[in-house]
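> just need the structure, nothing else, for what follows:
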Amino acid sequence: IFQRTKEVLTLWRQQKPNGSQVRSFQTELASLAYACFLVGSKPNDELPAPQNLSCQLIMNRSLFMKEWGHYLSWERPPVSLELAQYRIYEISRGERKLIVDLPATQLSYFRRNIDPNKSLVYAVVAIDKQGKESNPAVVKVLVPWLISQIESFFPVFIH
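Purely as a prediction, here's the structure:
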């Protein structure tokens, strides 16, 4: 975060940014700072977060049972460093709980037996060969009934 901030501020001294550029940078900085705060990790300028993290609520139904799960998927961070693995955390009440360590070649994970009526926050970090964690990619999974309530009250802000 700090190296990126320093670079952008140096460029801004040379050329005045427009309002859109300032807002874009503020959003990026706030998003990364919030993710690091949530996950309890230090910013890592050398290893950015995994990209395009998403989570889908999936119902697996068979003849005798019904099971809910979360399907998380992401893309590799945009760096040339060799990665050792990915780590997925569940974030709850300011603490992170390790869910799973995955090989660096795996870019998705299915978590079984999820309570579909519980909102969850997940963080995915890449781990380099020295064992350092990347900046976190964070996704919040809202329960379906909550999403429909939010959309009915604030339809403009959701889409």
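> now do the strands in the chain.
51-61, 66-75, 83-92, 95-103, 108-111, 120-128, 137-141 (DSSP state E).
> parallel or antiparallel, list what pairs with the second one.
The strands beside strand 66-75 in its sheet (DSSP bridges) come out as strand 51-61 (antiparallel), strand 108-111 (antiparallel).
> again with the fourth one
Here strand 95-103 is paired, per DSSP bridges, with strand 83-92 (antiparallel).
> low-confidence stretches in this structure?
The chain contains residues with pLDDT under 70 at 1-6, 8-9, 11-17, 21-41, 43, 94, 143-159.
> let's see that with 80 instead.
Within the chain, the stretches with pLDDT under 80 are 1-45, 62-63, 92-95, 142-159.
> now residue 61: how far from residue 115?
Distance of residue 61 to residue 115, computed by Cβ to Cβ, to the nearest Å: 16 Å. Where you see a C-beta, it was placed from the backbone N, CA and C, and this is true even at glycine.
> I figured residue 75 hits residue 48, correct?
No - between residue 75 and residue 48 there is no contact, the gap being 11.3 Å when judged by Cβ atoms under 8 Å.
> of those two, who's got more company?
residue 48 (17 against 12; other Cβ atoms under 10 Å).
> tell me the contacts of that one?
Contact partners of residue 48, counting by Cβ atoms under 8 Å, 6 or more residues apart in numbering, are 77, 78, 79, 134, 135.
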